[in-house]
Structures are given as C-alpha cells and as structure tokens.
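what's the 3D shape of this:
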Amino acid sequence: MTVYARTLWDRALRAAKAAEKNLQIDPDTAASRAYYAAFYAASAHFALQDRTFDKHTALEAAVHRDLVHSGLWPQELGAAYSRLMQLRARGDYGGAQHVSVKDAEQAVRFATEVLRAVAQAHPGEFASLPE
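Residues are numbered from 1 along each chain as shown. A predicted model of the protein is given here:
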C-alpha cells in the first residue's frame, strides 16, 4: 500500500470519529465530517490504483462509474455517497439552512457504510473501522 493511501484511510477514520462526536453538538459539522470520512475512504480506494482526483465531483463521478456501475458497490451506496455530498454542502455553505440531527445521523451511517465497503474491498490494507 502506498503511504498516500494509508494517509487517506487514517484521515477517513479520524473524520468518522469527529462526525460521531459532533452529532448532538453541531449537526452541520457532523455531516461535513461524515462526508469527508467517505471522501477520504473512496480516495484511498482509488489511490491504491494510483488514481487521484482534483475535484469532489470528479471523485463522485468515479464512485458511480467505477464502483456502482461496475457492480462493486450497490446503487444504494452510490446514492448514499451523493447524499453525503449534498448534506456537506448544506452544512458548510447552507447559510440559514442547517443539517438536522436526523440528517446528520443518516450521514454518519452512510459514511460508515462507505468505509466498510472500502475496507471489505481491501481487507489487507484497510482493516480498522470506526466503532
């Protein structure tokens, strides 16, 4: 495994923990951290293939094209990844609109599902998961 992929995975785990800790305190931050947990995990997956992305939308496209449409991930997981992007945008840039606690809880669940999918695809590289 590359150092870069390992660094991304470590970031994913830290972001997942931060999302969980912020659920009741700040749902906007929880949703943002949940998205970044999924973002870093998906990035780590592609880094193992020496693939990196300069834009969040490019990574989302790769998730759908290379993971969902190829059958590696179920459609629901691709939809969850896209939902995480939407909640992150609301949490970070929503102005008067905020992420509800319910939506933040959903975001944390979705992020955990993404981390599990990446860990299952690469059990030798990404063994540890958030609790």
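
just the helices in this structure please.
Assigned by DSSP state H, the helices in the chain fall at 3-21, 27-47, 56-62, 75-93, 101-121.

between the second one and helix 3-21, how many degrees?
So that's helix 27-47. With axes from the mean of the first three to the mean of the last three Cα atoms, to 10 degrees applied, the angle from helix 27-47 to helix 3-21 works out at 160 degrees.

Then the last one?
For helix 101-121 and helix 3-21, the angle between their directions (the same axes, to 10 degrees) works out to 150 degrees.

Find me the pLDDT at Ala127, would you?
The score at Ala127 is 74. That number is its pLDDT.

Wait, it touches Arg116, no?
No - assessed by Cβ atoms under 8 Å, Ala127 is found out of contact with Arg116, at 11.7 Å. Where you see a C-beta, it was placed from the backbone N, CA and C, and this is true even at glycine.

low-confidence ranges in this structure?
Residues of the chain meeting the criterion pLDDT under 70: 1, 129-131.

So which residue is smack in the middle of it?
Ala38 (0.8 Å; Cα atoms, centre = their mean).

Nearest residue to that one in space, ignoring adjacent ones along the chain?
Nearest non-adjacent residue to Ala38, counting by Cβ to Cβ, 6 or more residues apart in numbering: Val114, 4.0 Å away.

Many thanks, have a good one.
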